[in-house]
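In: When you get a sec, could you give me coordinates for this:
(chains A and B)
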Amino acid sequence: MAKVNVSIPQGTRDFGPETVRKRNFIFNTIREIFEQYGFQPLETPAMENLDTLMGKYGEEGDKLIFKILNNGLNDPKNIEKAKKAFQNLLSGKNDKDLTERALKYDLTIPFARYVAMHHGQLVFPFKRYQMQPVWRADRPQKGRYREFYQCDADIVGSNTLLNERELVHIYHAVFSQLGIHEYALKINSRKILAALAAICGGEEKLTDITVAIDKLDKVGPEKVREELSQKGLNEKQLAILSGYLAISGSNAEILSGLSALLGQTVAGKEGIQELSYLLDSTKTTPALRIMIDPTLARGLNYYTGIILEAKAPETVKMGSIGGGGRYDDLTGLFGVPGIPGVGISFGVDRIYDVMEELGLFPETVNVGTRVLFFNLGEAESEMSFNIMQALRYKKIACEIFHETAKMDKQFKYAEKKNIPYAAIIGARELAEKNITLKNLHTGKQETLTTESLLIYSF
RNA sequence: GUGGCCAUAGCUCAGUUGGUUAGAGCACCAGAUUGUGGUUCUGGGGGUCGUGGGUUCGAACCCCAUUGGCCACCCCA
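Out: The predicted structure follows:
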């Protein structure tokens, strides 16, 4: 057999039929719940203007944006411009003469861009969901791909915490329905982190502080202190920080700890109130357990209020399978201030990996064709085909074996394709004008008339 | 962007200190079986050992380069 010599780009994947069915199971579940909660679908282009994306995800984020090379650079009249632009690029600056478009990095910023462009026509609060691929120029590793899907639900144009409350319920509904019961939903508030920054180092240290404490569970408190010491925090400030990091226990204990440390500041007080509200609001749904995690920070710097993150069950070592939070003024970045919002995201590819590892996909996910009509001869297959068409008309997925072959072969085909029923029409059935229907799962078979086959419940 | 591990049949892998014609299981095809699959038995096809170079009488094995994959750091879904 000839050796194929083709490949696909690093970090991308083909999805075979079985995988697509499983992925669709996840997509369908999420979509159904988004719709149940009153969200409307939206799609935006794969690429955006580079300007739209740059500077929205932090310094690291900018590096991970896939840029698209402009066309026509080799046109003689562009060559000089292109050379100059390339020099610019080498010194770390982007240049429109070389690249002005990029693949989208997430769904939130393109959504903000959309809202900014269409705010005049939208009904607020605008609740949209979006399920599309995004691209990141990251090195692939476990649970990390260069092309992956996000499923986002955002509400813009509304300030009330009822929105956060709904989003928390969406997380719970989706994970429950997918069978991922051991997930952890962690919440925190940027206001609390801002209050912390204010009393230890100043507000301009907010990003440094959030980045450092976000690593706490990985590197331990000592390293966090070290890192922040290098960022210029003094002993007294580090002591406050240590006090903050030591806050743990039940949600109530954490709240009182936070209250003692930050309750005097305006931001701290607000953050604590918001977390309390969200916690209280879930008490009527005991299965929905949220945990306050003071060390939850989240990388994206546009968040301003409640932030949340869904973690995969500990055993699978996948980390975050979803995240989100409130932002006060995302559209302000695009010249339309005053539209606050809050949203969440599901990482489908990681959810898939988690479900695969835990064996959570139902067996029925991979049933496509319900009935295989056997092909046992010319006249036989003629009768099969006609009955099959009638069944298809009744919305039952069927296929007929592509050629006359031994039953053995046709059974094996059905088995491999996970087809639950075989409709056998051979010489005998042809003469008696009936159909042998075999359930391949139980091995039982029965003789049916055409009429009874057409109303059979498969 | 930095570092570690790996690459042998369609898939999962074995292959001794470098030594004749590179193996196994699964999968595939055919037969045992002319109307009954999943189990079994028999036979068969399939490999430029990721790619390029080097060392050697001789390389899947050693060396260099390159590409790809996995994993970790950074960061993140």
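
In: how long is stretch A:368-380 end to end?
Out: The straight-line separation of the ends of stretch A:368-380 (C-alpha to C-alpha, to the nearest Å) is 24 Å.

In: Just the closest residue of the stretch 1-150 of chain A to RNA strand B, please.
Out: Closest approach between the stretch 1-150 of chain A and RNA strand B, counting by C-beta to the nearest atom of the strand: A:Lys142, at 3.0 Å. Glycine gets a C-beta too; all of them are placed from N, C-alpha and C.

In: Tell me who's in contact with that residue.
Out: By C-beta atoms under 8 Å, 6 or more residues apart in numbering, the residues touching A:Lys142 are A:317-318, A:353.

In: do the helix-or-strand element of chain A with minimal mean pLDDT and RNA strand B meet?
Out: Counting by mean pLDDT, DSSP states H and E, chain A has its least confident helix or strand at helix A:216-230, which shows a mean of 77. Yes. Part of helix A:216-230 sits close enough to RNA strand B to count as contact by C-beta under 7 Å from any atom of the strand, namely A:218-219.

In: care to break chain A down by domain?
Out: A:17-44+A:119-358, A:367-454 (automatic domain parsing).

In: what's the average pLDDT for the last one?
Out: The predicted model gives domain A:367-454 an average pLDDT of 93.

In: what about that domain, start to end distance?
Out: 20 Å.

In: and it, how far out from the chain's middle?
Out: With C-alpha atoms, centre = their mean, to the nearest Å as the basis, domain A:367-454 stands 40 Å off its chain's centre.

In: next one: the first one
Out: Taking C-alpha atoms, centre = their mean, one finds domain A:17-44+A:119-358 lying 13 Å from the centre of the chain it belongs to.

In: coming back round to it: which member of the contacts of A:Lys142 is positioned nearest A:Glu147?
Out: Using C-beta to C-beta, A:Asp353 is the member of the contacts of A:Lys142 that sits closest to A:Glu147, with 14.6 Å.

In: right, and that closest one touches A:Lys317 too?
Out: No. At 10.2 Å, A:Asp353 and A:Lys317 do not qualify as touching, with contact defined as C-beta atoms under 8 Å.

In: Those two: who's more crowded?
Out: More neighbours surround A:Asp353 than the other of A:Asp353 and A:Lys317, with 18 against 11 (other C-beta atoms under 10 Å).

In: OK, contacts around that one?
Out: When contacts are counted by C-beta under 8 Å, 6+ apart, A:Asp353 is found next to A:142-143, A:316, A:318.

In: Check which residues of the least confident helix or strand of chain A are buried.
Out: Of the residues in helix A:216-230, A:216, A:224-225, A:227-228 count as buried by neighbour count, 16 or more other C-beta atoms under 10 Å.

In: Next, format the contacts of A:Asp353 as a markdown table and append secondary structure, pLDDT and distance to A:Asp75.
Out: As requested, the contacts of A:Asp353 are arranged in a markdown table below (DSSP: H, G, I helix; E, B strand; the rest coil; pLDDT from 0 to 100; distance: C-beta to C-beta, whole Å):
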| residue | secondary structure | pLDDT | distance to A:Asp75 |
| --- | --- | --- | --- |
| A:Lys142 | coil | 89 | 44 |
| A:Gly143 | coil | 90 | 42 |
| A:Val316 | helix | 86 | 51 |
| A:Met318 | coil | 88 | 47 |
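
In: buried subset of those residues?
Out: Looking at the contacts of A:Asp353 with 16+ other C-beta under 10 Å, the buried ones turn out to be A:143, A:316, A:318.

In: On the three-state scheme, the one residue in the stretch 201-350 of chain A that gets nearest to RNA strand B is what?
Out: Of all residues in the stretch 201-350 of chain A, A:Gly299 sits closest to RNA strand B, with a separation of 1.4 Å (C-beta to the nearest atom of the strand). Per DSSP: H, G, I helix; E, B strand; the rest coil, the secondary structure class of A:Gly299 is coil.

In: Equivalent analysis for A:Phe361, please.
Out: Taking three-state DSSP, the label given to A:Phe361 is coil.

In: excluding its backbone neighbours, what's nearest it?
Out: In space, and not counting its chain neighbours, A:Phe361 is closest to A:Lys22: 5.2 Å by C-beta to C-beta, 6 or more residues apart in numbering.

In: Can you pull the poorly scored residue ranges out of chain A?
Out: Filtered on pLDDT under 70, chain A yields the residue ranges A:1-5.

In: max-length helix in it?
Out: For chain A, the longest helix by residue count, based on DSSP state H, is helix A:17-36.

In: packing partners for that one?
Out: Under the contact criterion of 3 or more C-beta pairs under 8 Å, 6 or more residues apart in numbering; DSSP states H and E, helix A:17-36 touches strand A:126-135, strand A:147-156, helix A:162-178, helix A:348-358.

In: taking these together, which one is wrapped up most tightly?
Out: Between those, strand A:147-156 has the highest mean count of neighbours, a mean of 23, where neighbours are mean count of other C-beta atoms under 10 Å.

In: follow-up on the earlier one: count of neighbours near the residue of the stretch 201-350 of chain A closest to RNA strand B?
Out: A:Gly299 sits with 14 neighbouring residues when counted by other C-beta under 10 Å.

In: residue contacts, it?
Out: Counting by C-beta under 8 Å, 6+ apart, A:Gly299 touches A:57-58, A:60-61, A:211, A:214.

In: And the residues you listed, which of them are buried?
Out: Neighbour-count burial (16+ other C-beta under 10 Å) applied to these gives A:57, A:61, A:211, A:214.

In: possible to save those as CSV with secondary structure?
Out: Formatted as CSV, those follow (three-state DSSP):
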residue, secondary structure
A:Tyr57, coil
A:Gly61, helix
A:Val211, helix
A:Asp214, helix
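
In: which of the residues you listed are close to RNA strand B?
Out: Filtering the buried ones among the contacts of A:Gly299 for neighbours of RNA strand B using C-beta under 7 Å from any atom of the strand leaves A:61, A:211, A:214.

In: now, which of the buried ones among the contacts of A:Asp353 sits nearest A:Leu437?
Out: Top of the list for closeness to A:Leu437, among the buried ones among the contacts of A:Asp353 and by C-beta to C-beta, is A:Val316 at 41.4 Å.

In: hmm, who's touching stretch A:400-410?
Out: In contact with stretch A:400-410 (C-beta under 8 Å, 6+ apart) are residues A:372-378, A:381, A:384-385, A:388, A:413, A:422, A:424.
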